[in-house]
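A.B. asks: How does the following fold in three dimensions:
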Amino acid sequence: MERTSSQSRPEPWNKGKLVGQKAPFKLKEIWAIRVRLQLEHRTRELALFDLGLDSKLRACDLVKLRVRDICHGERVAPRAIVMQQKTSRPVQFEITVPTQEAVTAWIKSANLRSDDYLFPSRIHESPHLGTRQYARIVDGWVEEIGLDPAAYGTHSMRRTKASLIYRRTKNLRAVQLLLGHTKLDYLPHRTMSRCTPDHHWLESTVRYLGIEVDDALDLAEQTEV
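C.D. replies: Numbers count the residues shown, from 1 in each chain. Model prediction:
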């Protein structure tokens, strides 16, 4: 029997879903999640949350971290450097003292060794936490503090600290370095062979962080009419 056109076409992956750029977390939202994880002694999730914010890594890079990637001996280092899967370029990030403490507590609690994945999977088929598992965990945090999971995601974790740094310093170049961004990250595939002006590169990072819209909304909220 001949298949109909509706049968032969796969259903769009985003049918019925709200898609688009995920919002970074605000300070009050960061603390709402962090305090909940601390009070409920969710050691693994607190380490994942704090390190996710500090590292600004993509989900695919964060879930593959090994203990040795961020530790010097038995101590969590104040800085680490990893190779990004997407760009095959190294990126360096800071690990703040609270994050060092959270990660150290998790390593001790889970009895992890140097070669172990920092966040082992609880599913036998996978050696480390998967990106989908990570996404579900982030969705859980978002729901717990009363936000809409459709508006946030793992990329919210990546964008959050970068957007806060930009708001405080307006140093866009520093933010690009911290995110491991290169000019080629923003070029459509068909234009990869052509150079892009620096201002387009800077504008792309601003759009990536969603800063311009947020700044405009903040100004509007502060303006009485």
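A.B. asks: Isn't Ile70 up against Ile81?
C.D. replies: No - at 9.7 Å, Ile70 does not count as touching Ile81 under the criterion of C-beta atoms under 8 Å. Yep, even glycine has a C-beta here, placed from its N, CA and C like the rest.
A.B. asks: more crowded one of these two?
C.D. replies: Ile70 (25 against 11; other C-beta atoms under 10 Å).
A.B. asks: which ones are touching the more buried one?
C.D. replies: Each residue near Ile70 by C-beta atoms under 8 Å, 6 or more residues apart in numbering is listed here: Leu51, Val76, Ala77, Ala80, Ile95, Val103, Leu118.
A.B. asks: Distance of the residue lying closest to the last one once chain neighbours are set aside relative to Asp116?
C.D. replies: Closest residue to Leu118 apart from its sequence neighbours, by C-beta to C-beta, 6 or more residues apart in numbering: Leu65 at 4.5 Å. Distance from Leu65 to Asp116, counting by C-beta to C-beta, to the nearest Å: 10 Å.
A.B. asks: ok, those two, which is more surrounded?
C.D. replies: Shown here are Leu65 and Asp116; by other C-beta under 10 Å, Leu65 has more neighbours (20 against 16).
A.B. asks: what are the phi and psi angles of the more buried one?
C.D. replies: Phi and psi for Leu65, reported as degrees, to the nearest 10, are phi -60, psi 140.
A.B. asks: And Ala150, by the same measure?
C.D. replies: Phi and psi for Ala150, reported as degrees, to the nearest 10, are phi -70, psi -20.
A.B. asks: Can you check what pLDDT the model gives it?
C.D. replies: The model reports Ala150 with a pLDDT of 93.
A.B. asks: That one and Leu51: what is the separation?
C.D. replies: 25 Å.
A.B. asks: who's more crowded, those two?
C.D. replies: More neighbours surround Leu51 than the other of Ala150 and Leu51, with 26 against 13 (other C-beta under 10 Å).
A.B. asks: show me what contacts the more buried one?
C.D. replies: If you count contacts by C-beta under 8 Å, 6+ apart, Leu51 has them with Leu62, Leu65, Ile70, Ile95, Thr99, Ala102, Val103, Leu118.
A.B. asks: host element of the closest residue to Leu62 other than its chain neighbours?
C.D. replies: Spatial nearest neighbour of Leu62, chain neighbours left out: Gly52 (5.8 Å); criterion: C-beta to C-beta, 6+ apart. Using DSSP states H and E, Gly52 maps to helix 43-55.
A.B. asks: Distance from the chain centre to that helix, please.
C.D. replies: 10 Å (C-alpha atoms, centre = their mean, to the nearest Å).
A.B. asks: same deal with stretch 114-127?
C.D. replies: Chain-centre distance of stretch 114-127: 19 Å, with C-alpha atoms, centre = their mean.
A.B. asks: One more: stretch 174-181?
C.D. replies: Using C-alpha atoms, centre = their mean, the offset of stretch 174-181 from its chain centre is 13 Å.
A.B. asks: For the residue positioned nearest the centre of the chain, give its distance to Glu101.
C.D. replies: In the chain, the centroid-proximal residue (C-alpha atoms, centre = their mean) is Arg158; its distance is 2.6 Å. Between Arg158 and Glu101 the computed distance is 22 Å (C-beta to C-beta).
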